[in-house]
Each structure stands twice: as structure tokens, then as C-alpha cells.
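Enquirer: Here's my sequence, what's the structure:
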Amino acid sequence: MSSPTNVDSSLNAAGIKPEQSKALDERPAQPNEEPIILAIKELYSCKPSNDTFNIYASDAIFHDPVGIASGIGSIRSQFVGLAKIFPRADIPKFRILQNPANLPPNTILIDQDVAYFRNPVSDSPTKVVNSLLTLKVNDANKVISHKEEWDHVKTTTREDGFLGWLNEERKKLTAKLTDMFVGGGDPN
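Expert: Alright, predicted model coming up:
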């Protein structure tokens with residue numbers, strides 16, 4: 001376990017404050033990003049197929065405020081589990097953002113709103129979540145890191161000291177429990 005460092009806990013995965021990332025200009029997807037963007041929309045609309053997960057490198061990490069999943073099988077479990085809780089999700093806002101100067105070009109930033117429905121025929125969602133997605137892609141155009149920050153706000157990690165370490169360990173346990181119950185199952 002590490003001790004507290006000089007990490008600015010107000011900076012999200014884009015390396016900026018939430019109000020700054022929300023204000024970034026939108027940009028079009030680059031041709032090499034289009035398969036990734038399509039898969040992300042499938043994941044967050046709770047309609048993943050087996051091919052959806054082909055965007056990930058075998059050792060990819062997915063980190064959101066609920067869990068930290070390592071590897072394609074564990075990432076699959078998280079999103080298949082989400083689709084079991086919410087049989088319908090709509091994406092009323094989806095913006096690919098211009099990277100700030102501090103981010104490498106192999107990073108894709110997305111600002112999205114997802115409306116989750118427990119009842120698929122309901123007119124009103126159970127919950128609407130705004131989030132910043134920060135995707136890091138390797139030279140083979142595979143996602144190696146997928147971070148989701150609700151309302152663009154950084155969640156604590158071990159770099160934030162003891163409480164951050166506890167939070168990170170809880171998220172890993174949550175992902176493992178989801179793996180046990182969902183088992184990286186077939187999304188179809």
C-alpha cells in the first residue's frame with residue numbers, strides 16, 4: 001500500500017477538472033476509432049454481442065466507480081451483468097471530445113449520458129448517468145484502459161492514500177463477485 005502522494009484528486013482521467021472536460025469541444029471519430037465507438041455504444045446501450053468485446057486487448061482494464069475489471073472475461077462480466085439489471089439503456093448524448101494538450105493521441109475521450117431502464121417499455125428511465133469515458137488504445141488499435149468517471153469526477157484510488165486504497169480494493173472485489181455470478185457469460 002502506498003502513502004499519500006501529491007496527486008491532485010480533483011483531476012479526472014483526462015488530467016483536467018470536471019468542468020473543463022465537460023467544456024471540451026466535440027470532434028468526429030477518426031476511421032480507426034469507429035469500431036471502438038460502435039462497441040462502446042453497444043456496451044452502454046446494454047446490447048453487447050460477443051464481437052463487441054473484440055475492441056479490448058487481452059489484458060485490458062475497465063475501471064468505473066463500482067468496479068475494477070482486469071481482462072476481457074471480467075470486462076464482459078461487468079457489461080453482461082449491467083444488461084441483466086437494466087434490459088434497456090438509451091444514449092441521449094454521446095460526444096467524442098478533443099483531447100487536451102496533456103493527453104497522448106492514443107486516448108479517446110467521450111462525454112455521454114446514458115438513460116438506464118429497469119422496465120424496458122417504460123417512458124421514463126430509472127436513472128440517467130453522465131460520465132466521462134477515457135479510453136487508451138495500443139498500437140494494434142485495442143483498448144488497454146477503459147475508465148468511466150460519473151459526472152467527470154475522479155474516483156479515489158490507491159494514489160489518494162489509505163481510503164483510496166480501500167476503495168480500490170472494494171472495487172476489485174465487486175468485479176470478482178460479478179465475475180462469479182455472471183461468469184463472463186454470453187451476452188446474447
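Enquirer: Which positions within stretch 97-117 qualify as buried?
Expert: Going by neighbour count (16 or more other C-beta atoms under 10 Å), the buried part of stretch 97-117 is 97, 99, 103, 107-117. For every residue, glycine as well, the C-beta is placed using N, CA and C.
Enquirer: likewise stretch 18-29?
Expert: For stretch 18-29, by 16+ other C-beta under 10 Å, it's Pro18, Ser21, Lys22, Leu24.
Enquirer: Equivalent analysis for stretch 76-87, please.
Expert: Arg76, Ser77, Gln78, Phe79, Val80, Gly81, Leu82, Ala83, Phe86.
Enquirer: would CSV of the buried residues of stretch 97-117 with secondary structure and distance to Asp139 be doable?
Expert: Listed next are the buried residues of stretch 97-117 as CSV, based on DSSP: H, G, I helix; E, B strand; the rest coil; distance: C-beta to C-beta, whole Å:
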residue, secondary structure, distance to Asp139
Leu97, strand, 22
Asn99, coil, 17
Leu103, coil, 17
Thr107, strand, 14
Ile108, strand, 15
Leu109, strand, 19
Ile110, strand, 21
Asp111, strand, 26
Gln112, strand, 26
Asp113, strand, 32
Val114, strand, 30
Ala115, strand, 35
Tyr116, strand, 34
Phe117, strand, 38
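Enquirer: Need the max-distance pair from those.
Expert: Using C-beta to C-beta, these span at most 33.2 Å, a distance reached by Leu103 and Phe117.
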